[in-house]
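model this:
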Amino acid sequence: MAANRVTVVARRVLREPFTARAWRTFVYCFCQPFVDLFGLGVVLLLLTGSTGSAGLLAPVLLVPLLAFARGLGNVHRGLARGLLGWDVPEPMRAPRRPGVLGFFMYYYGDGIGWRAVGYVLAKILLSVELVVGVAFRLGLPLTLIALAASGAEIQSWSILIIWTVLFFASPRLTELLLLLDQTLMRRLLGPSEDSLRIRELEQTRSHAINEAAATLRRIERDLHDGAQARLVALGMQLGRAERQLERGNAESGLELVRETRAEAKAIAQDLRDLVRGIHPPALDGGLAPALTTLAAKTPIPTIVRVSLETRLSAAAETILYFTAAELLTNAAKHSGARAIAVTVVSDAHDEDVRLIVTDDGCGGARLDSAGSGLRGLSERVRTMDGRLTVDSPVGGPTTVTVRLPANKPNEGN
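Okay, the predicted model is just below:
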């Protein structure tokens, strides 16, 4: 057993320098010193120019300095994304504010540009280490080429052994250096936590506004095309009944009245269904009985378990209810499952609440697939600062987890 493990490790080490990942890393490390030296030269030239002549040129040179640093940051992010697969989002500049102060803050107080300048200055030290990693990679082949070209005999086997060890160890050593580069890039060339939070809030606010508008349009359409049209028809039917009664056709008039009463009941039921789509009456008794009622209407046997110390806010209960309803509908339509489990629990500190829906169906559900209803659910959950994750390997089972902040209890109950 131990011998097999050693063999597997040895094969991995021997194969690693020749993988596509190792070659992309080598290209990235090889390009970095040239990009960094060019960037450092331009930055130092502009910095020294702006500090010279008693700082008189600073207002002129600082603007192109920050613009150049931002552009160089785009180059670094592009290389990292294309060769290493790092996803470092581009930070978004705040719009310029009116007035003199807004002008100076936009052009001279640009935090993105100054952080990019800091990255250029700090990266030159890391580039030296990356050059060492490139040397480890090239040392062995260059030594062998030099020996073959000169026809000289190997005088010291120790040098060849050292270069061989460094060659096969270079991928791991380089990855350690790249961890530093990645941390530096995310801190200085990526968006700050505040800007990421602001961007996320803007996206969730936009989604909430669009969803509210769509809901209002749906309600208006349902009322106009459904209840309103049927009420108009009901009035016409009552007019017919009135005319029949005036003519003495009591039997026909009474029949129309009975049909009108049945139609009025149907319209009332439609209105109740419409209201239930806005706020389910079942939630008046809490999330647990509402989910139990929902599970009873599902064609697949469903087990519900709710473990909460206190009631959630009305908004949290509503979004968890509708999320569970859509997940149960999706499972019944697409999963081929024979059993579903719905669980709602809070964490140890009651800071988050989790909705977990699991089925034993065929799996294969993806959050990022085109036209996926899960993506819409995820956007809806994000409006409450929540997260939706999907674990659905092909063949099943499928587990969808929704995590929401617990917020304050529902004070109205």
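
can you pull the buried residues of the helix or strand hosting residue 253?
Using DSSP states H and E, residue 253 maps to helix 250-278. Buried residues in helix 250-278, counting neighbours by 16 or more other Cβ atoms under 10 Å, are found at 253, 256-257, 260, 263, 267. Just so you know, the C-beta spots here come from the backbone N, C-alpha and C atoms, and that holds for glycine as well.

so which of the residues you listed comes closest to residue 114?
Of all those, residue 114 sits closest to residue 267, with 65.3 Å by Cβ to Cβ.

okay but the closest one is in contact with residue 232, surely?
No: assessed by Cβ atoms under 8 Å, residue 267 is found out of contact with residue 232, at 10.9 Å.

As a markdown table, the buried residues of helix 250-278 with distance to residue 118 would be great.
Formatted as a markdown table, the buried residues of helix 250-278 follow (distance: Cβ to Cβ, whole Å):
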| residue | distance to residue 118 |
| --- | --- |
| 253 | 88 |
| 256 | 83 |
| 257 | 83 |
| 260 | 78 |
| 263 | 73 |
| 267 | 68 |
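
pLDDT and distance to residue 186 added to these, as CSV?
Output for those, formatted as CSV (pLDDT from 0 to 100; distance: Cβ to Cβ, whole Å):
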residue, pLDDT, distance to residue 186
253, 76, 79
256, 77, 74
257, 77, 74
260, 80, 69
263, 76, 64
267, 74, 59
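
just those residues now: which is nearest residue 20?
Nearest to residue 20 among the buried residues of helix 250-278 is residue 267, at 65.7 Å by Cβ to Cβ.

Not including adjacent chain positions, what is the nearest residue to that closest one?
residue 230 (5.1 Å; Cβ to Cβ, 6 or more residues apart in numbering).

where does that neighbour land in three-state SS?
helix (DSSP: H, G, I helix; E, B strand; the rest coil).

what's the neighbour count on it?
Under the neighbour criterion other Cβ atoms under 10 Å, residue 230 is assigned a count of 15.

And the one 3 residues further on, by the same measure?
Neighbourhood size, residue 233 [other Cβ under 10 Å]: 13.

Please read off the pLDDT at it from the model.
As predicted, residue 233 sits at a pLDDT of 74.

which residues touch it?
Contacts for residue 233 (Cβ atoms under 8 Å, 6 or more residues apart in numbering) come out as residue 263.

So it: helix, strand or coil?
Secondary structure, three-state DSSP: residue 233 is helix.

any idea how far it is from residue 256?
Applying Cβ to Cβ, to the nearest Å, the value for residue 233 to residue 256 is 12 Å.

And the contacts of stretch 314-330?
Applying Cβ under 8 Å, 6+ apart, the set of residues contacting stretch 314-330 is 279-280, 282-283, 286-287, 290-291, 294-295, 298, 300, 302, 311-312, 340, 342, 344, 353, 355, 357, 365, 373-374, 377, 380-381, 383-384, 386, 388, 400, 402, 404-407, 410, 412.

again, only this time at 7 Å
If you take Cβ atoms under 7 Å, 6 or more residues apart in numbering as the criterion, stretch 314-330 is touched by 279-280, 283, 287, 290-291, 294, 298, 302, 340, 342, 344, 353, 355, 357, 373, 377, 380-381, 384, 400, 402, 404, 407, 410.

Could you list which of these belong to strands?
302, 340, 342, 344, 353, 355, 357, 400, 402, 404 (DSSP state E).

Could you dump those residues into a markdown table with pLDDT and distance to residue 271 added?
Formatted as a markdown table, the ones in strands among the contacts of stretch 314-330 follow (pLDDT from 0 to 100; distance: Cβ to Cβ, whole Å):
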| residue | pLDDT | distance to residue 271 |
| --- | --- | --- |
| 302 | 88 | 28 |
| 340 | 90 | 31 |
| 342 | 90 | 29 |
| 344 | 89 | 30 |
| 353 | 87 | 32 |
| 355 | 89 | 29 |
| 357 | 90 | 30 |
| 400 | 89 | 32 |
| 402 | 89 | 30 |
| 404 | 85 | 30 |
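
sorry, back to before: among the contacts of stretch 314-330, which ones are buried?
By 16+ other Cβ under 10 Å, the contacts of stretch 314-330 give 280, 283, 287, 290-291, 294, 298, 302, 340, 342, 344, 353, 355, 357, 377, 380-381, 384, 400, 402, 404, 410 as buried.

Show me where the stretch 1-150 of the chain has its helices.
2-15, 20-51, 58-79, 99-107, 111-150 (DSSP state H, counting those that start in this stretch).

ok, and what's touching the fourth one?
Judged by Cβ under 7 Å, 6+ apart, the contacts made with helix 99-107 from elsewhere in the structure are 63, 96-97.

how does it look with 6 Å?
63, 96 (Cβ atoms under 6 Å, 6 or more residues apart in numbering).

ok, and for it, which residues are buried?
When burial is assessed from 16+ other Cβ under 10 Å, helix 99-107 yields no buried residues.

so how far is it off the chain centroid?
34 Å (Cα atoms, centre = their mean, to the nearest Å).

follow-up on the earlier one: so can I have JSON lines of the ones in strands among the contacts of stretch 314-330 showing distance to residue 119?
Shown next, in JSON lines, are these (distance: Cβ to Cβ, whole Å):
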{"residue": "302", "distance to residue 119": "53"}
{"residue": "340", "distance to residue 119": "50"}
{"residue": "342", "distance to residue 119": "48"}
{"residue": "344", "distance to residue 119": "45"}
{"residue": "353", "distance to residue 119": "40"}
{"residue": "355", "distance to residue 119": "41"}
{"residue": "357", "distance to residue 119": "44"}
{"residue": "400", "distance to residue 119": "39"}
{"residue": "402", "distance to residue 119": "38"}
{"residue": "404", "distance to residue 119": "37"}
